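Asks: no FASTA, just this:
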């Protein structure tokens, strides 16, 4: 087994994704497939614990393939019965901040599927923590339907306008299909706390 292949195994991946039922079905299909792919690689998933939209599809895909799925859900969402009932484990927390913190703290990598303000907030926080050398794992964006192209352009602009360093472009990888995620996780550039040396441009 290659070093790259070994790096993709025995890890927990945090997945950021949406709960929208109204978005294009391709997003839910990609989420389901990502769940299958990660489970097939022996990669456990920690996510927001929801039962619908891409969240539910992600969990369903992983569970159908024998994967381990841990949901982290704020109590108010549990009270609204938004939680997925079939997960390997469902952890209830007091608020959104705690949820977000625990999702990333327990993971060695993060994957973002397309989503709205909550998903984007989580993703950008992960990128910020990586820039500061506080999170060192791979961050992979699954660009279903070209959804992340505007974000890619915005981040490129941030580098071009010197709000970020050119080296920060190595903090994330963008793939077109869920099947590409394990390789992207395994082959992501190494990142260390030395990133703090160029966190401020």
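Replies: Looks like it came in fine. Remember, predicted model here, so these are calculated numbers, not experimental data.

Asks: Low-confidence ranges, this protein, go.
Replies: Applying pLDDT under 70 to the chain flags residues 1-10.

Asks: Which residue of it lies farthest from its centroid?
Replies: residue 161 (26.8 Å; CA atoms, centre = their mean).

Asks: For it, give me the backbone phi and psi.
Replies: When quoted as degrees, to the nearest 10, the phi and psi of residue 161 stand at phi -90, psi 10.

Asks: Repeat that for residue 109.
Replies: Torsion angles, degrees, to the nearest 10, at residue 109: phi -160, psi 160.

Asks: ok, it touching residue 138?
Replies: Yes - counting by CB atoms under 8 Å, residue 109 touches residue 138, with 4.5 Å between them. (C-beta placed from N, C-alpha, C; glycine too.)

Asks: Need the residues touching each of those two.
Replies: Taking CB atoms under 8 Å, 6 or more residues apart in numbering as the contact criterion, the common neighbours of residue 109 and residue 138 are 185, 188.

Asks: quick one: secondary structure of the spatially most central residue of the chain?
Replies: With distances taken as CA atoms, centre = their mean, residue 111 lies nearest the centre of the chain, 2.5 Å away. For residue 111, the assignment made with DSSP: H, G, I helix; E, B strand; the rest coil gives strand.

Asks: which residues does it contact?
Replies: Applying CB under 8 Å, 6+ apart, the residues near residue 111 are 13, 14, 15, 16, 34, 139, 140, 141, 142, 181, 185.

Asks: now do 7 Å
Replies: By CB atoms under 7 Å, 6 or more residues apart in numbering, the contact set of residue 111 is 13, 15, 140, 142, 181.

Asks: For residue 170, grab the count of nearby residues.
Replies: Counted with other CB atoms under 10 Å, the neighbours of residue 170 add up to 14.

Asks: for it, helix, strand, or coil?
Replies: Residue 170 - assigned by three-state DSSP - is helix.

Asks: Is it in contact with residue 190, as I believe?
Replies: No - if you go by CB atoms under 7 Å, residue 170 and residue 190 don't touch, sitting 9.2 Å apart.

Asks: Can you tell me the element residue 151 falls in?
Replies: Applying DSSP states H and E as the criterion places residue 151 in helix 149-160.

Asks: Where do the helices of this protein begin and end?
Replies: Assigned by DSSP state H, the chain shows helices spanning 3-7, 25-40, 53-64, 75-79, 96-105, 117-131, 149-160, 181-187.

Asks: between these, which one is nearest to residue 194?
Replies: In terms of CB to CB, the element of the helices of the chain nearest to residue 194 is helix 117-131, at 12.1 Å.

Asks: Contacts for that closest one, please.
Replies: 16-18, 100, 104, 110, 112, 135-136, 139, 168, 171-172, 191, 195, 199.

Asks: Just among the residues you listed, which is most surrounded?
Replies: If you rank the contacts of helix 117-131 by neighbour count (other CB under 10 Å), residue 17 sits at the top with 30 neighbours.
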